[in-house]
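Participant: Quick one, what's the 3D model for this:
(one chain, ligands or ions: 1)
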Amino acid sequence: MTVVDKLRNEHDISRYELEMLLTTNEASCIEALKSSAREEANKVYGNKVFIRGLIELSSHCKNDCLYCGLRRSNSTAVRYRLSDDDIYYCCETGYKLGFRTFVMQGGEDGWFDDKRMCRIVSTVRNRFPDCAITLSLGERSRESYQALFDAGANRYLLRHETASPEHYAQLHPAEMSWQNRIDCLYALKEIGYQVGCGFMVGSPYQTFDTLYADLQFIRNFQPHMVGIGPFISAHDTPFANMPNGSVQTTLRLLAIIRLLHPHVLLPATTALGTLHPQGRELGIQFGANVVMPNLSPRDHRKDYAIYDNKICTGEESAECMACTEMRMKRIGYETVVSRGDFNPNYEA
Ligand code: SAH
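Facilitator: Take a look at the predicted model:
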């Protein structure tokens, strides 16, 4: 039995098999990995791709993550915040375009405290009762996560960034704690959110060991979603001169994650599209089943600059949606008007 067959049948991988799959130059092996991952995705989701409308609420952040262009020490970063009405307008536009999931993401910005954020979530919940609300606002208290859930949020994206505490300490300032991030993820799950974890591929100091730990973490945590994309250097950060992550490695990891967890919601990320003109299409072909077009107001798009050269910063939301639909259609996939919830029993 080949390594790919074993991974597919047993939903498990060893440290050495991982290294082999990420380093092999054998075209037949890479092709087998890709086609197996796509077959598994087809069994669960068919040729359907779920769309999520991304609304970037704030470029202010109190944290100082070494990789991120929005870290508080970056004095050249342009800071903005969306108003409540800006956010509702984005949702309105998105709804008309067919989005049934709104992802509100932002830096850790105290302006969006529980009072403000609960008001926003409950307003969106009331105005768009058939939509899923996903939050990606970093680390908050359990009480805050609970209040936002009670206000109507359904899902939360919080990448674990790395499953190795030592590696975490190389990516973050000493005041940030790996344990707290992991505790947040477990709290979110206990509260009842559909939860997404994930990591950057090719982040500085990443090794096969840390990647293997990431896959083991995913295996134990059993997230509903996994977000991975290549690390991309951001100017005016400590990692400005670090090399970008590899598109090939990201694609192979997408396929491996699909084979480990056939039902997982797996986006082909904007970062992948930034490093390769067909990155998102390739992501789908390696087993991803979600894309997240940008719904943020065009005026602020370029200022949500977590990394350099981010794509889709010049278009209106309608253009982003049309482009996404066209890109998926060209490779034989169909974007669907649906909440696209995680469903372990779903078989297309
Ligand atoms: N403040 C929120 C949202 C962060 S942005 C939070 O803490 O979750 C979402 C993700 O973008 C991060 O979790 C990180 O994995 C990724 N990211 C940040 N900087 C990046 C970079 N330079 N290259 C690629 N991805 C990056």
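
Participant: Next, find the distance separating Ala169 from Gly229.
Facilitator: 22 Å (CB to CB, to the nearest Å). Heads up, the C-betas are built off the backbone N, CA and C, glycines and all.

Participant: which of the two has more neighbours?
Facilitator: Of the pair Ala169 and Gly229, Gly229 is the one with more neighbours under other CB atoms under 10 Å, namely 27 against 15.

Participant: Which positions in the stretch 1-150 of the chain make contact with the ligand?
Facilitator: Residues of the stretch 1-150 of the chain found near the ligand, taking CB under 6 Å from any ligand atom as the criterion, are Tyr67, Cys68, Gln105, Gly107, Glu108, Ser136, Gly138.

Participant: Now the longest strand seen in the chain - C-alpha only, CSV.
Facilitator: As assigned by DSSP state E, the longest strand anywhere in the chain is strand 194-201. Below are the C-alpha coordinates for strand 194-201, written out as CSV (Å, rounded to 0.1, in the frame of the first residue of the first chain):
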residue,chain,number,x,y,z
GLN,A,194,-18.1,25.7,14.9
VAL,A,195,-14.3,26.3,15.3
GLY,A,196,-11.5,26.8,12.9
CYS,A,197,-7.8,26.5,13.8
GLY,A,198,-4.9,26.6,11.5
PHE,A,199,-1.4,27.8,10.8
MET,A,200,0.9,29.5,8.3
VAL,A,201,2.9,27.3,6.0
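
Participant: which helices and strands does it pack with?
Facilitator: Under the contact definition 3 or more CB pairs under 8 Å, 6 or more residues apart in numbering; DSSP states H and E, strand 194-201 sits against strand 155-157, helix 178-191, helix 208-221, strand 225-230, helix 247-260.

Participant: Go through the ones you listed and name the closest to the ligand.
Facilitator: Ranking the helices and strands packed on strand 194-201 by proximity to the ligand (CB to the nearest ligand atom) places strand 225-230 first, at 5.6 Å.

Participant: quick one: contacts of the closest one?
Facilitator: Strand 225-230 is contacted by residues 155, 157, 159, 194-202, 218, 244-247, 249-250, 253-254, 257, 261, 264-267, 269-272, 275, 290, 342 when judged by CB atoms under 8 Å, 6 or more residues apart in numbering.

Participant: Average pLDDT for it, rounded please.
Facilitator: Strand 225-230 shows a mean pLDDT of 98 in the predicted model.

Participant: likewise stretch 65-77?
Facilitator: 98.

Participant: how about that stretch: buried residues?
Facilitator: Residues of stretch 65-77 classed as buried by neighbour count (16 or more other CB atoms under 10 Å): Cys65, Leu66, Tyr67, Cys68, Gly69, Leu70, Arg71, Arg72, Asn74, Ala77.

Participant: host element of the residue nearest to the fifth one when sequence neighbours are not counted?
Facilitator: What that stands for is Gly69. The shortest distance from Gly69 to any residue that is not its chain neighbour, by CB to CB, 6 or more residues apart in numbering, is 3.4 Å, and that residue is Ala234. For Ala234, there is no enclosing helix or strand under DSSP states H and E.

Participant: Does Ala234 touch Asp308 like I think?
Facilitator: Yes: checked against CB atoms under 8 Å, the pair Ala234 and Asp308 is within contact range at 5.6 Å.

Participant: Need the residues touching each of the two.
Facilitator: Overlap of the contact sets of Ala234 and Asp308 (by CB under 8 Å, 6+ apart) consists of Gly69.

Participant: and those two? which has more neighbours close in?
Facilitator: Taking Ala234 and Asp308 together and counting by other CB under 10 Å, Ala234 has the greater number of neighbours (24 against 15).

Participant: residue boundaries of the strands in the protein?
Facilitator: With DSSP E as the criterion, the chain has strands spanning 48-51, 53-58, 101-106, 132-136, 155-157, 194-201, 225-230, 290-291, 334-336.
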